[in-house]
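Participant: my questions concern the predicted model and sequence given below.
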Amino acid sequence: MSAQNMGMVFSPVVDRGLNSIEYRYGYQPEGNSYAQRLQYQYGLTDSLLLKGLIQANRNEQSKFNFQYVRLEAMWQFFEEDVEGWASAMRFSLQIPEDDVSAYRAGVAWSGLYNIDENWQFRLNALIKKEFGANQQSGLFPGVRTQIRRKISPRIDLSLDYFGGHNNITLFRNFDSSQHQIGPLVELKINDHWKVDSGVLFGVSSASADVSFRFNLAWSF
């Protein structure tokens, strides 16, 4: 069974002084499994964002358990304020909770294009490498895309796609790697709070048929 997808198609935009705490919840009816994530991010400068997160999960065969801690740094190196591309590189280190799981180091590129005042396109390209105990050899690539439409000043509607994160030797085999697609709705409650919720449908054999996700973020 595939692991619960807790990722987002992340933006490359960095705001100095941003303080944000986010809670994420994901549920898969297949196997009755769920995962939870708590993360904090801070905009250190106009181009550097730091993030730390912890994730835990549970399924019908196991008790609630912590999975890992991850540290991230994102550097935005290109920005256009109104229209055009914004780009950033993100570097991550995932530290497992136990002594039998592998560490994961990752590099990701994020691009954003404002098509017009209502439409936006995002693209993430990621690659990870395992090391330490029980590491798998090779590289683990992934790609994420999002097309976003502003419905109102407070509501955005998106269509997200997630693909990959299997060993690079299997990435070319569509059914052996995870591919999911589905809608996401984001609601800006006020200047400090926002919530988004969506569903992902598996379109390859290695993916769960359905995954639900919910995120709540507080900026201060």
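Facilitator: Cool, the structure landed. Numbers count the residues shown, from 1 in each chain.

Participant: show me where this protein dips below the pLDDT cut-off.
Facilitator: 1-3, 59-62, 80-83, 165, 169-172 (pLDDT under 70).

Participant: mind doing that once more with 50?
Facilitator: Within the chain, the segments meeting pLDDT under 50 span 1.

Participant: in it, which spans are helices?
Facilitator: 168-171 (DSSP state H).

Participant: run through the strands of it in chain order.
Facilitator: 19-28, 33-43, 48-58, 65-78, 84-96, 103-114, 119-131, 139-150, 155-164, 178-188, 193-202, 210-219 (DSSP state E).

Participant: let's have those in TSV, adding mean neighbour count and distance to Val13.
Facilitator: From N, CA and C alone the C-beta is placed, and that goes for glycine too. Output for those, formatted as TSV (neighbours: other CB atoms under 10 Å; distance: least, CB to CB, whole Å):
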stretch	mean neighbour count	distance to Val13
strand 19-28	17	13
strand 33-43	18	10
strand 48-58	17	9
strand 65-78	16	7
strand 84-96	17	6
strand 103-114	17	7
strand 119-131	17	10
strand 139-150	18	13
strand 155-164	18	14
strand 178-188	18	15
strand 193-202	17	15
strand 210-219	18	13
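
Participant: save these as TSV, and put in distance to Val9 too.
Facilitator: Compiled in TSV, those are given as follows (distance: least, CB to CB, whole Å):
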stretch	distance to Val9
strand 19-28	14
strand 33-43	16
strand 48-58	16
strand 65-78	14
strand 84-96	12
strand 103-114	8
strand 119-131	5
strand 139-150	4
strand 155-164	5
strand 178-188	9
strand 193-202	11
strand 210-219	12
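
Participant: and the nearest residue to Glu117 once chain neighbours are set aside, how close does it get to Ser101?
Facilitator: Spatially, and ignoring its direct neighbours in sequence, Glu117 is nearest to Lys150 (7.5 Å; CB to CB, 6 or more residues apart in numbering). Distance of Lys150 to Ser101, given as CB to CB, to the nearest Å: 40 Å.

Participant: what distance do you get for Gly17 to Asp99?
Facilitator: 38 Å.

Participant: can you check Phe66 too?
Facilitator: Applying CB to CB to Phe66 and Asp99 gives a distance of 13 Å.

Participant: and Arg122, by the same measure?
Facilitator: On the measure of CB to CB, Arg122 and Asp99 end up 37 Å apart.

Participant: ok, Arg90 next?
Facilitator: 27 Å.

Participant: how about Gln178?
Facilitator: 27 Å.

Participant: same question for Trp119.
Facilitator: With CB to CB as the criterion, Trp119 and Asp99 are 47 Å apart.

Participant: quick one on the thing from earlier: touching, the residue nearest to Glu117 and Asn118? I think so.
Facilitator: Yes: judged on CB atoms under 8 Å, Lys150 makes contact with Asn118 at a distance of 4.5 Å.

Participant: who's the nearest residue to Ile151 once chain neighbours are set aside bridged to?
Facilitator: Ranked by CB to CB, 6+ apart and with sequence neighbours excluded, the top spatial neighbour of Ile151 is Leu157, at 5.4 Å. When bridges are assigned using DSSP bridges, the partners listed for Leu157 are Arg149, Val185.

Participant: hang on, Leu157 packs against Gln146?
Facilitator: No: taking CB under 8 Å as the definition, Leu157 is not a contact partner of Gln146, at 10.7 Å.
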